[in-house]
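Chemist: Pasted the sequence and its predicted model underneath.
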Amino acid sequence: MKKKLFIKTHGCQMNEYDSAKMMDLLYERENFELAKTEDEADLLILNTCSIREKAQEKVFHQIGRWRKIKEDKPGLKIAIGGCVASQEGNEIIKRAPAVDIVFGPQTLHKLPELYKKKEKTNENQIDISFPKLEKFNYLPIAGKGEPSSFVSIAEGCNKYCSFCVVPKTRGHEVSRTIEDILNEVSKLADKGTREINFLGQNVNNFKGTFKGEKSSLAKLIELTSKIVNIERIRFTTSHPHEFKDDLVEVYDKVPELVSHVHLPVQSGSDKILKLMRRRYNAEKYLSLIDKIRKVRPDMSFSSDFIVGFPGETQQDFQETIDIINEVKFDESYSFIYSPRPNTTASEMLDDVSLDEKKERLNILQSRLNQLSFGYSRKKVGTNQTCLIYGQSKRDPGQLQGRTICNRIVNFKSNEHDLVGHFANIYIQEALTNSLRGKLEN
């Protein structure tokens, strides 16, 4: 009888990609199948994220819930992976003895081996090392190509923004070779993938080699666009400091590159940006936006914002609102600042009160939501070419697709053979986080 696997994923798209690879690995190497519920699993995996406050506590709360399952099922194994695992290491098992395996983002390919060692010796297994790109030599290509597939092209980050723990949990920047990436993309395209989303913590600083020479994300995008059946290309997450002219120019050369870019600004205040070690100021950021819009006038921009960073005054916050009004972001992610372990900012005086942070966040999110809804309303009455991803998450009688500008569209249809193909959708209604439309014949 096959053993069963259950994976719970916290955090970013990179973690989603990593979790999918864990599933493929354990299916291929250890003949696991996916469990429908936690209770029926033989192996429980938590893929963790350490970006937000209280990340560790969320992990230990989850372990506590799983420990109760293990008490009734002694053969059950619990594995903790991802950034909190990398950050905490052996401390996880010291605090939560129910955990059997701890592994980092760069050692997920060793999970089958760690599991077998645990089964054989009953000794706890820990590997949070940073063997650079080794894992990509072991990760299998997905068994089937989803309509849109993630492909990780680089790992780690060298920016050391003062608030960010990623360089400590995922290591220094390393890039795969373009040949290796194109091989993965080609295989996904053969299996039905029509859209590729390139991933990296600092994706636009990609420096993978091509034919032995250091190359760039722009070159990778151009080469990817020539692969048969790849009709759309996305990438995330970008750092404004590394968004060079060749990447701007590729929007003019490659129509397959979507009209949306996630370009985190974090703050509109030069003083705060300097404290954050972001390596650009508001003027440079706005200049980059203008350059991109000259090439793609219909470009949609999303961003990240941190509110209440140490030293942020009301004037600094207003400058963030000003940059929001200037760019008119279509979609954004915003958070109250919280100190992360082993970061420079954690040593700064956190001098903005929680009440003030909450009030500023509410003001900021209200404005961002207003802009986002206004952007959606402009799409009403238009026809949008959408890649159909599958069933709507909320209504099984509807299908869901995505526009070239990154808007989710739901529409009524029983034609499930549309999944993985492009369809023309007439937009009838704008909702808070999506559009509603009808299929055009």
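Modeler: That came through, no problem.

Chemist: Against which helices or strands is the helix or strand harbouring Ser86 packed?
Modeler: Per DSSP states H and E: Ser86 is located in helix 82-88. With contacts taken as 3 or more C-beta pairs under 8 Å, 6 or more residues apart in numbering; DSSP states H and E, helix 82-88 sits against strand 43-48, helix 55-72, strand 101-103, helix 166-170. Yep, even glycine has a C-beta here, placed from its N, CA and C like the rest.

Chemist: Leu361 is nearest to which of those?
Modeler: Nearest to Leu361, of all those, is helix 55-72, at 18.7 Å by C-beta to C-beta.

Chemist: Strand 43-48 and that closest one, what's the angle between them?
Modeler: For helix 55-72 against strand 43-48, the angle between stretch directions is 170 degrees (axes from the mean of the first three to the mean of the last three C-alpha atoms, to 10 degrees).

Chemist: Contacts for helix 55-72, please.
Modeler: Contact with helix 55-72 is made by 8, 10, 38-39, 44, 46, 48-50, 76, 78, 80, 83-84, 87-88, 92, 95-96, 98-99, as judged by C-beta atoms under 8 Å, 6 or more residues apart in numbering.

Chemist: Now do the strands for the stretch 51-200 of the chain: every range, in order, please.
Modeler: Listed from the start of the chain, the stretch 51-200 of the chain has strands (DSSP state E, counting those that start in this stretch) covering 77-81, 101-103, 125-127, 148-152, 154-155, 174-175, 195-199.

Chemist: Lys207 is nearest to which of those?
Modeler: Taking C-beta to C-beta, strand 174-175 is the member of those nearest to Lys207, at 4.8 Å.

Chemist: can you tell me the helix or strand for Ile425?
Modeler: Assigned by DSSP H and E, Ile425 belongs to strand 422-430.

Chemist: Averaged pLDDT, that strand. What do you get?
Modeler: Across strand 422-430, pLDDT averages out at 97.

Chemist: in its sheet, what does it sit against?
Modeler: strand 383-391 (antiparallel), strand 435-439 (antiparallel) (DSSP bridges).

Chemist: Rebuild those as TSV, extending it with mean pLDDT.
Modeler: Below are the strands paired with strand 422-430 laid out as TSV (pLDDT from 0 to 100):
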stretch	mean pLDDT
strand 383-391	96
strand 435-439	96
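
Chemist: Distance to Phe373 and mean neighbour count added to the ones you listed, as TSV?
Modeler: Formatted as TSV, the strands paired with strand 422-430 follow (distance: least, C-beta to C-beta, whole Å; neighbours: other C-beta atoms under 10 Å):
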stretch	distance to Phe373	mean neighbour count
strand 383-391	17	19
strand 435-439	11	19
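
Chemist: Could you export the helices and strands packed on helix 82-88 as TSV, including mean neighbour count and mean pLDDT?
Modeler: Shown next, in TSV, are those (neighbours: other C-beta atoms under 10 Å; pLDDT from 0 to 100):
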stretch	mean neighbour count	mean pLDDT
strand 43-48	26	96
helix 55-72	15	91
strand 101-103	25	96
helix 166-170	22	86
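
Chemist: For Ile233, find the nearest of these.
Modeler: For the helices and strands packed on helix 82-88, the distance to Ile233 is smallest for helix 166-170, at 23.5 Å, taking C-beta to C-beta.

Chemist: which ones are touching Arg278?
Modeler: By C-beta under 8 Å, 6+ apart, Arg278 lies in contact with 161, 240-241, 266-267.

Chemist: Distance check, Ser302 against Val258.
Modeler: 12 Å (C-beta to C-beta, to the nearest Å).

Chemist: residues in contact with the helix holding Ser86?
Modeler: Defining contact as C-beta under 8 Å, 6+ apart, one finds that helix 82-88 is touched by 10-11, 15, 18, 46-51, 55-56, 59, 92, 102-106, 128, 165-166, 168-170, 341-342.

Chemist: and if we set it to 6 Å?
Modeler: Applying C-beta atoms under 6 Å, 6 or more residues apart in numbering, the contact partners of helix 82-88 are 15, 47-50, 55-56, 59, 102, 104, 128, 169.

Chemist: Same check on stretch 403-420?
Modeler: Here stretch 403-420 makes contact (C-beta under 6 Å, 6+ apart) with 147, 192, 258-260, 300, 384, 386, 388, 390, 392, 398-402, 425, 434-439.

Chemist: could you flag which of the contacts of helix 55-72 are buried?
Modeler: Buried members of the contacts of helix 55-72, scored by 16 or more other C-beta atoms under 10 Å, are 10, 44, 46, 48-50, 76, 78, 80, 83-84, 87-88, 92, 96, 98-99.

Chemist: if we can go back for a sec, can I get the contacts of helix 82-88 in TSV including distance to Arg293?
Modeler: Shown next, in TSV, are these (distance: C-beta to C-beta, whole Å):
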residue	distance to Arg293
Asn15	31
Asn47	37
Thr48	37
Cys49	32
Ser50	35
Ala55	36
Gln56	41
Val59	41
Val102	46
Gly104	39
Ile128	43
Thr169	35
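
Chemist: correct me, but Arg170 touches Pro105?
Modeler: Yes. The pair Arg170 / Pro105 is scored as a contact, 5.2 Å apart, by C-beta atoms under 6 Å.

Chemist: and stretch 199-215, average pLDDT?
Modeler: Mean pLDDT, computed over stretch 199-215, is 94.

Chemist: Quick one: end-to-end distance for that stretch.
Modeler: 16 Å (C-alpha to C-alpha, to the nearest Å).

Chemist: centre of the chain versus the helix of greatest length in the chain, how much separation?
Modeler: Using DSSP state H, we find that the single longest helix of the chain is helix 354-379. For helix 354-379, the separation from the chain centroid amounts to 22 Å (computed by C-alpha atoms, centre = their mean, to the nearest Å).

Chemist: Repeat that for stretch 176-191.
Modeler: Relative to the centre of its chain, stretch 176-191 is centred 19 Å away, using C-alpha atoms, centre = their mean.
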